[in-house]
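> build the 3D model from these lines:
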Amino acid sequence: MDAVQLERRLLRVGERLVPLIAGEVQFWRLDPSDWEPALRTVADEGIPIVSTYLSWRRHALAPDAPFAWRHDERLNVRRFLSMCASHGLLVQLKPGPWICAEEPNGGYPDWLLADEHLLALDANDKPLSGYNAPFRHPVPCYLHPRYLAHARHWIQIVHDHVREFIHPYGPVALIQLDNEPSYCFRDGMYEADYHPVALQAFAQWTLERYEGSLRRIQRAWEMEVSSEESIKPPRLPLVGVDAGSGRWRREHDWICFREWLLGEHLRRLREHHEAAGATSTLFTVNYNTHLVDEVPQSSAVLHTATGAIGGMDHYYEPPLDADDLLAVARSTALARANGEPLPWSPELQAGIWRSPGEQVAYPDPTAEEQELYYLAALAFGLKGLNFYMLVNRENWEFAPIDPAGAVSAHLTGVRTIVRLIAQLPEFGEFEPVSPVALAWQVSYARDAYAAGSDVPRSLPYDVMTGAFSALTRAGYLPRIWNTEREPPDDIAAVVTPTASYMSRDVQEHLAEMQRKGVRVILLGEPPRVDEEGKPCEVLADALVTNHVDSQSATTGMLHALRTGGVEAPVSVAEHDGFAVLQKAGNRQLLFVLNARAERRKFRLRFASEAVTALLPLSGDNAVSVAGRAAEIGLGPHAGAVFEVAT
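Now for the predicted structure:
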């Protein structure tokens, strides 16, 4: 059987090669009479994939019951999938187990959460209350055998019910593993999970990490560890933890275990799907934003564990601003750095969540904002989007399509994206151009996650994210180097935050890059010790020889780049304007974005003297480039895409 595969960052589904462009249509929240007109409009607009949830609590009325739907015609998923197939639409099916989606319990059945013995616990041994008000509910322990057995049964009855609609027999080409795996937004440092099952797994994981040696754990943690039962995580925050200390190592071990745990949960869900017959689909996973990027929800760890196509869900509170665009840029750069084969957003806001009669303090999203949001996603390097919601339903407003299939002004941005991708046969191959890398010091991110109220401890992480924003605003859009992976080899400069410590491996990588002619810029004083707390002055020595810059602020960073001959591929003089150059083979594209709600002129400057003109893909007049400079006018919250002529 031909499995769904990735080909040039597109989906190969049998004879079809389609971009990962989808729209959320939650059929079970619509009148069944609306399914046909809504799907007809989706297909007519050239959107190849429909994405939809299945709610465990609605379809599994008892622990061992068969798949239920006859009690409510809105739950007739077979009829809905048949309609998708008749319109030539592929499907991403998302059966949870947790689906969020303002569903009671986030889709967990009442009978599941009634079993108090399988509920996740916090550091005070109290059951977690996950999700957001007014939908809060208990959360199962992801590794509890009874929860996993129930999840396996749920996945099995889903496949038994819709088997003929799953690729290669039907339209379901993608299956999502869980939903925003985070213990229902309760994966803080001292939240999930202190259930005895999770603590036992932590002890076993730690023993394996230290090659089965209790003595090695005891030395690392600087505390008595006499048995497997005494391998326990910290339960209270502590201020002033020194890098390399026993407490520091214990905290980092707990964090790394939690990263592993989220991946292990999804790995087992994938195994359940494959055992139920899903051997030809692609699997996906969506991430939710955290206070600290990639901790404990590490895209690198989750991809390694599952092989799934992962991506961040993106939402904003109107009005859209530059920080909203920078959040998309950073998560996309992280996805690319962590080896995501097809960077995408499984939920990209289309319209806005809102309860009937709810009074809010922010304005309605505009069609212009939404179009800019989508263009920015492509500009910063995303290769797939799921418009969430594409079709309106309860608790949602301003979706591009209403349930009866009529379109709104908010469809304009969707159409722009669909038509743009159709114009670009090399769409999947275009990559943002940048001569600069930003070292993403993973240990600093974990420190920030553990820091709590310890502000100095989180400062290096804050410097790291601030440097990304400053570089992006200046036109560099840095490539992120995850310091737990090999460094890039085709850059002119690398910027790194510093703390009192930095791993010896990373220091040596940076020193080697400097020896090869890469400009190394430190944001802060050079570290004096490694992650073990042992003296390590590799970068300090390089600083003495004047081959490494040490800057105390991002303004100094930009000055060091420019005086060192490292120029942005294209820069915008005006604040809150962004320009991104992309390249595929000999073809170049330029994205220009206006993040403000006012019409503006942007002065562009190119690094290359070969650029002669900008040819709009939308059919407007060409823009001339003289002396490496050009001017472009954009309306409020607007963007434009050009072919670059040389």
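
> what bridges to the residue nearest the centre of the chain?
Nearest residue to the geometric centre of the chain (C-alpha atoms, centre = their mean): M312, 2.3 Å. M312 has these beta-bridge partners by DSSP bridges: Y287.

> who's in contact with it?
286-289, 331-332, 335, 345-346 (C-beta atoms under 8 Å, 6 or more residues apart in numbering). For glycine as for every other residue, the C-beta is placed from the backbone atoms N, C-alpha and C.

> one more: S608?
S608 neighbours (C-beta under 8 Å, 6+ apart): 569, 628, 646.

> on that earlier part again, can you say which of the contacts of M312 are buried?
Neighbour-count burial (16 or more other C-beta atoms under 10 Å) is assigned, among the contacts of M312, to 286-288, 331-332, 335, 345-346.

> need those in TSV (columns: distance to Y374).
Converted to TSV, the buried ones among the contacts of M312 look like this (distance: C-beta to C-beta, whole Å):
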residue	distance to Y374
N286	17
Y287	19
N288	20
S331	15
T332	13
A335	17
S345	10
P346	14
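
> sorry, back to before: what's the farthest-apart pair in the contacts of M312?
N288 and T332 (15.6 Å; C-beta to C-beta).

> which SS state does the residue lying closest to D447 once chain neighbours are set aside fall under?
Nearest non-adjacent residue to D447, counting by C-beta to C-beta, 6 or more residues apart in numbering: R457, 5.3 Å away. Classification of R457 using DSSP: H, G, I helix; E, B strand; the rest coil returns helix.

> and R457, what is it in contact with?
Counted by C-beta under 8 Å, 6+ apart, R457 has contacts 239, 241, 447-448, 450-451.

> ditto for E567
435, 561, 607.

> just Q297 next, same as before
181-182, 187, 259, 262, 287-288, 290.

> going by distance to N386, which of those wins?
For the contacts of Q297, the nearest to N386 is Y287 (13.0 Å; C-beta to C-beta).

> so that closest one sits against I309, correct?
No. The pair Y287 and I309 does not pass the contact test of C-beta atoms under 8 Å, sitting 11.6 Å apart.

> quick one: the residue of the chain most remote from its centre from Q218, how far?
Residue farthest from the centre of the chain, counting by C-alpha atoms, centre = their mean, is S226 at 40.2 Å. Going from S226 to Q218 by C-beta to C-beta, to the nearest Å gives 8 Å.

> now do K583
53 Å.

> and if you look at P400?
The value you get for P400 to Q218, if C-beta to C-beta is used, is 59 Å.

> neighbour count winner among the two?
Each of P400 and Q218 has its neighbours counted (other C-beta atoms under 10 Å); P400 has more, 27 against 17.

> identify each buried residue in the strand or helix carrying T304, please.
Using DSSP states H and E, T304 falls within helix 299-306. Neighbour counts over helix 299-306 (16+ other C-beta under 10 Å) mark 299-303, 305-306 as buried.

> let me have those in TSV, adding distance to W396 as columns.
Compiled in TSV, these are given as follows (distance: C-beta to C-beta, whole Å):
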residue	distance to W396
S299	27
A300	33
V301	32
L302	28
H303	30
A305	32
T306	29
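
> export these to a markdown table and tack on distance to Y108 and pLDDT?
As requested, the buried residues of helix 299-306 are arranged in a markdown table below (distance: C-beta to C-beta, whole Å; pLDDT from 0 to 100):
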| residue | distance to Y108 | pLDDT |
| --- | --- | --- |
| S299 | 25 | 97 |
| A300 | 28 | 96 |
| V301 | 24 | 97 |
| L302 | 21 | 98 |
| H303 | 26 | 97 |
| A305 | 22 | 98 |
| T306 | 21 | 98 |
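
> sec struct for Y373, please.
helix.

> nope, V91 is what I meant
strand.

> also the one 5 residues further on?
Using three-state DSSP as the criterion, the local structure at G96 reads coil.

> kindly report the same for the one 10 residues further on.
Each residue gets one of three states, and G106 gets helix by three-state DSSP.

> how far away is it from R186?
For G106, the distance to R186 - C-beta to C-beta - is 11 Å.

> higher neighbour count, those two?
G106 (27 against 17).

> that one and V414, how far apart?
27 Å.

> what's the answer for L90, then?
Counting by C-beta to C-beta - L90 and V414 are separated by 17 Å.

> those two: which has the busier surroundings?
Regarding L90 and V414, a neighbour count based on other C-beta under 10 Å identifies V414 as having more, with 27 against 24.

> can I assume that one is in contact with L348?
No. If you go by C-beta under 8 Å, V414 and L348 don't touch, sitting 10.1 Å apart.

> in this structure, which helix is the longest?
Ranked by residue count, the top helix of the chain under DSSP state H comes out as helix 246-275.

> buried residues of that helix, list them for me.
Result for helix 246-275 [16+ other C-beta under 10 Å]: buried residues 246-270, 272-273.

> tally of neighbours for the closest residue to E609 other than its chain neighbours?
Excluding the flanking residues, the one nearest E609 by C-beta to C-beta, 6+ apart is R628, at 5.8 Å. The local packing of R628 (other C-beta under 10 Å) involves 15 other residues.

> same question for D64.
D64: 8 neighbours (other C-beta under 10 Å).

> SS state for it?
Going by three-state DSSP: D64 is coil.

> alpha carbons of the helix or strand where L438 lies, in CSV - could you do that?
If you go by DSSP H and E, L438 is part of strand 436-440. Only the C-alpha atoms of strand 436-440 are listed here, as CSV (Å, rounded to 0.1, in the frame of the first residue of the first chain):
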residue,chain,number,x,y,z
VAL,A,436,23.4,34.9,10.9
ALA,A,437,22.7,32.2,13.4
LEU,A,438,21.4,32.6,16.9
ALA,A,439,22.7,30.0,19.4
TRP,A,440,19.6,28.7,21.2
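
> report the rounded mean pLDDT for the helix or strand just after that strand.
Sequence-wise, the next helix or strand downstream of strand 436-440 (DSSP H and E) is helix 442-451. Summarised as a single mean, pLDDT over helix 442-451 is 97.

> kindly report the same for stretch 229-246.
The model assigns stretch 229-246 a mean pLDDT of 96.

> and it, end to end?
Its first and final residues considered, stretch 229-246 spans 18 Å by C-alpha to C-alpha, to the nearest Å.

> list the buried residues of that stretch.
In stretch 229-246, counting by 16+ other C-beta under 10 Å, buried: 231-234, 241, 243-244, 246.

> again with stretch 57-68
57-60, 67.

> quick one: contacts of that stretch?
Taking C-beta under 8 Å, 6+ apart as the rule, stretch 57-68 contacts 28, 69, 72, 75, 103-105, 107-112, 150, 153-154, 157-158, 160-161.

> now list the buried members of the residues you listed.
28, 69, 75, 103, 105, 107-109, 112, 150, 153-154, 157-158, 161.

> from those residues, which single one is nearest E208?
Among the buried ones among the contacts of stretch 57-68, H150 lies closest to E208 (C-beta to C-beta), at 27.5 Å.

> work out for me the element the closest one sits within.
helix 145-162.
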